[in-house]
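Peer 1: Have a look at this fold, sequence not included:
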């Protein structure tokens with residue numbers, strides 16, 4: 001075996017070193033640009049977000065502006081304005097043009113799809129409006145007398161689930177029922193007065209007893225709910241035959257105190273005949289409602305009328321299907337009165 005001289009050994013070491021330099025240099029020249037490009041893209045994206053954030057009034061409209069920026073890059077017609085100029089500065093005009101070229105076809109397709117969707121949606125809205133207008137029958141005011149009761153919560157739950165507002169003509173109850181007074185008011189229903197005791201012979205005994213119960217009930221409602229109500233319903237209606245004085249004297253009292261009273265022109269019969277099925281209760285109401293342009297429906301919130309609760313969902317569904325609007329009594333409600341408040345001579 002030939003002996004390697006010291007000079008030959010040095011030469012081989014130089015060759016190995018040159019190989020390593022070439023290999024490492026090649027790797028550096030290949031990988032470094034890739035890493036640099038990734039880093040620059042990351043920094044550009046970060047700067048874009050920072051500019052978006054500043055332009056969005058300290059972040060308040062950040063998501064909106066980000067969406068607008070993407071739309072701008074994909075829209076060949078949107079080349080003016082500060083936001084477009086800022087985008088060019090950040091990305092470079094050539095990058096913007098490249099992205100526009102890539103997205104033009106997709107943008108046009110999306111635009112066409114959006115236009116078609118809008119046309120379909122507009123047609124659906126017009127059809128819905130036409131149908132609604134055609135089927136609209138009138139206004140219906142659901143009212144519940146004599147509560148609150150152990151079933152008031154169930155009534156309120158059903159109304160809430162259906163986003164329906166009603167009117168409750170309440171009487172005086174103890175603290176056990178205070179939460180129901182509060183729920184009636186807090187959930188957007190109308191609370192009205194119906195006498196404190198609902199004992200006819202006491203309530204209608206004289207004008208003083210009549211006024212005293214109204215004042216006492218109004219104060220109770222205010223203390224519990226913070227609301228003074230100016231809505232009232234006569235026990236037995238303004239056409240009742242049990243009042244000790246002519247009904248006009250009680251009406252005069254209400255007129256003097258700016259209290260509006262409401263009777264009814266539709267009822268389910270829950271306090272007239274016991275044991276009626278939910279379907280019969282709804283049928284009774286619909287038979288009356290179909291005869292009126294505006295209907296105030298009389299129902300009862302009593303321990304003995306749970307079938308009224310059972311019929312409520314069916315009633316709401318039927319009214320809506322038939323095209324009726326369900327509303328609470330307010331200042332715009334019709335004064336449906338068996339004996340008119342205008343029958344009193346001034």
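Peer 2: Nice, I can see it. None of these values were measured; they are calculated from a predicted model. Residues are numbered from 1 along each chain as shown.
Peer 1: what helices or strands is whichever strand or helix holds residue 24 leaning on?
Peer 2: Residue 24 is part of helix 6-55 when elements are defined by DSSP states H and E. For helix 6-55, the contact count by 3 or more CB pairs under 8 Å, 6 or more residues apart in numbering; DSSP states H and E identifies helix 62-74, helix 82-91 as packing neighbours. For the C-beta atoms, the positions are set from N, CA and C on the backbone; glycine is no exception.
Peer 1: Which of these comes out lowest on mean pLDDT?
Peer 2: The minimum mean pLDDT among these belongs to helix 82-91 (a mean of 40).
Peer 1: Any regions of the protein where pLDDT drops low?
Peer 2: Along the chain, the parts satisfying pLDDT under 70 run over 1-4, 46, 48-135, 345-346.
Peer 1: one more time with 80, if that's ok
Peer 2: 1-12, 18, 26-28, 32, 42-136, 344-346 (pLDDT under 80).
Peer 1: In it, which residue is most central in space?
Peer 2: In the chain, the centroid-proximal residue (CA atoms, centre = their mean) is residue 163; its distance is 8.3 Å.
Peer 1: Okay, it and residue 189: tell me how far apart.
Peer 2: Using CB to CB, to the nearest Å, one gets 12 Å for the distance from residue 163 to residue 189.
Peer 1: for this structure, what spans make up the helices?
Peer 2: Secondary structure of the chain (DSSP state H): helices at 6-55, 62-74, 82-91, 93-135, 152-161, 178-186, 200-203, 207-225, 247-256, 278-289, 306-322.
Peer 1: what sits up against the strand ranked longest in the chain?
Peer 2: The single longest strand within the chain, with elements called by DSSP state E, is strand 138-147. With CB atoms under 8 Å, 6 or more residues apart in numbering as the test, strand 138-147 has contacts from 155, 164, 166-171, 180, 192, 194, 198, 233, 262, 264, 266, 289, 292-302, 308, 315, 319, 324-329, 333.
Peer 1: Just the buried ones among the residues you listed, please.
Peer 2: Restricting the contacts of strand 138-147 to buried positions leaves 155, 164, 166-171, 180, 192, 194, 198, 233, 262, 264, 266, 289, 292, 294-302, 308, 315, 319, 324, 326-329, 333, with burial counted as 16 or more other CB atoms under 10 Å.
Peer 1: ok, residue 217 touching residue 196?
Peer 2: Yes - counting by CB atoms under 8 Å, residue 196 is a contact partner of residue 217 at 4.4 Å.
Peer 1: Between the two, which contacts overlap?
Peer 2: The contact sets of residue 217 and residue 196 overlap at 171, 172 (CB under 8 Å, 6+ apart).
Peer 1: returning to that earlier point: list the strands paired with the longest strand of the chain, with their directions.
Peer 2: strand 167-170 (parallel), strand 294-300 (parallel), strand 324-327 (parallel) (DSSP bridges).
Peer 1: can you redo the ones you listed as a markdown table with distance to residue 137?
Peer 2: Below are those laid out as a markdown table (distance: least, CB to CB, whole Å):
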| stretch | distance to residue 137 |
| --- | --- |
| strand 167-170 | 20 |
| strand 294-300 | 10 |
| strand 324-327 | 5 |
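Peer 1: Which among those is found nearest to residue 148?
Peer 2: Smallest distance to residue 148 across the strands paired with strand 138-147 (CB to CB): 6.2 Å, for strand 167-170.
Peer 1: List of residues touching that closest one?
Peer 2: For strand 167-170, contacts defined as CB under 8 Å, 6+ apart pick out 141-148, 152, 181, 184, 189-194, 217, 221, 231-233, 262, 301, 328-329.
Peer 1: Ok, stretch 311-320 next?
Peer 2: Outside of stretch 311-320, the residues within contact range by CB under 8 Å, 6+ apart are 140, 142, 155, 158-159, 162, 164, 268, 278-279, 281-282, 285-286, 289, 326.
Peer 1: that older thread, out of the strands paired with strand 138-147, which gets nearest to residue 343?
Peer 2: Closest among the strands paired with strand 138-147, using CB to CB: strand 294-300, at 18.6 Å.
Peer 1: the inter-axis angle of that closest one versus helix 152-161?
Peer 2: Angle, strand 294-300 to helix 152-161, by axes from the mean of the first three to the mean of the last three CA atoms, to 10 degrees: 150 degrees.
Peer 1: ok, now which ones touch residue 270?
Peer 2: Neighbouring residues of residue 270 by CB under 8 Å, 6+ apart: 276, 281, 299, 300, 302, 305, 307, 308.
Peer 1: roughly how far apart are the fifth one and residue 281?
Peer 2: Going from residue 302 to residue 281 by CB to CB gives 13 Å.
Peer 1: for the fourth one, same thing?
Peer 2: Separation of residue 300 from residue 281 (CB to CB): 11 Å.
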